[in-house]
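> Just need the structure, nothing else, for what follows:
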Amino acid sequence: MILVPEKNKNLLKTLMEFSYAEYGSALEMLAAAKKTKSPKLKIGYIRHALDEYRHTALLHEVLSNQVKRGLGKFEREYKFSPQNVILKGYVDKEAFLVEKLSLKKFVEFVYSNEFLAKESFDWLSKRIKDSESLKTLDLIKKDELNHADDSIDTLEDIMKDELVHHGMARKFYESKFPNAKLEIAFKREKIKNRFRLFYFKNLMFLNKIFDPILNILISSFGKIVNFIKIPKATHENLMSNNPNSAV
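Model prediction:
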């Protein structure tokens, strides 16, 4: 995972956000594979991308399992749309991370966010376990228990992959930049990630406020334009040409 999304009280919505983050990470890894000239590193990036694509599909399965358990209804927003990866900020529309960052900064970013992702998936797993404990055993059906167990197992498998990615990034970093202090970079990236989430959360809030206002202005302007009647290319007085014209 590249950018860790915000943990939401709505479990289903959070799962969907994580699937977009994983999909965005896959695209970032493919971009990195395209840019590098090292065959070994290229293969590593491609394998990483394949893992992230698989995680995206697995998270959709977890979401489906939770719906089957009665922990919410499938909403329209839970239907996966690739363009949301950009709209939600998981991939910058201007450039991929590997194009904006140096190799050192890029590996620091991956190393840090892979570990943060592991922690987040651990949190998701606990959320599912907690939701299970809220029901009494008499009310839980056997198939619902199976769905819960499957979801937890799936998230644990994803966590293992994230730790592998985290470890590989560390190994590469220490071999490439032996004198650099990776733990300091980790703390720095952790703080940056919090600021990204804060910025994007407030950006989305402002969009909800100003988008309707802009839509009203655009709609009003369109109605005004309909009253404007442009005369033919003559030297006639525009005001006397049509008294009903807004021009």
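> what's the nearest residue to residue 44 if we skip its chain neighbours?
Of all residues not flanking residue 44 in the chain, residue 168 sits nearest, at 6.8 Å (C-beta to C-beta, 6 or more residues apart in numbering). For the C-beta atoms, the positions are set from N, CA and C on the backbone; glycine is no exception.
> what's the neighbour count on that neighbour?
Residues lying near residue 168 (other C-beta atoms under 10 Å) number 17.
> same deal with residue 75?
As a burial measure, residue 75 scores 12 neighbours (other C-beta under 10 Å).
> same thing with residue 40?
Residue 40: 9 neighbours (other C-beta under 10 Å).
> same thing with the one 4 residues further on?
For residue 44, the tally of surrounding residues (other C-beta under 10 Å) stands at 19.
> what's the helix or strand for it?
Assigned by DSSP states H and E, residue 44 belongs to helix 39-68.
> I'd like the mean pLDDT over that helix, please.
Per-residue pLDDT over helix 39-68 has a mean of 94.
> where's the residue lying closest to residue 127 once chain neighbours are set aside relative to residue 87, distance?
Using C-beta to C-beta, 6+ apart and skipping residues adjacent in sequence, the residue nearest residue 127 is residue 11, 5.6 Å away. Here the criterion is C-beta to C-beta, to the nearest Å. By it, residue 11 lies 22 Å from residue 87.
> Of the two, give the one with the bigger neighbour count.
For residue 11 versus residue 87, the count of surrounding residues by other C-beta under 10 Å is larger for residue 11: 19 against 12.
> That one contacts residue 131, correct?
Yes - contact criterion C-beta atoms under 8 Å: residue 11 and residue 131 qualify, at 7.0 Å.
> three-state assignment of the residue nearest to residue 44?
helix (DSSP: H, G, I helix; E, B strand; the rest coil).
> I'd say it and residue 43 touch.
No - taking contacts as C-beta under 8 Å, residue 168 lies outside contact range of residue 43: 11.6 Å.
> Mind splitting the chain into its structural domains?
Domain assignment for the chain, taken from automatic domain parsing, gives 11-180, 194-247.
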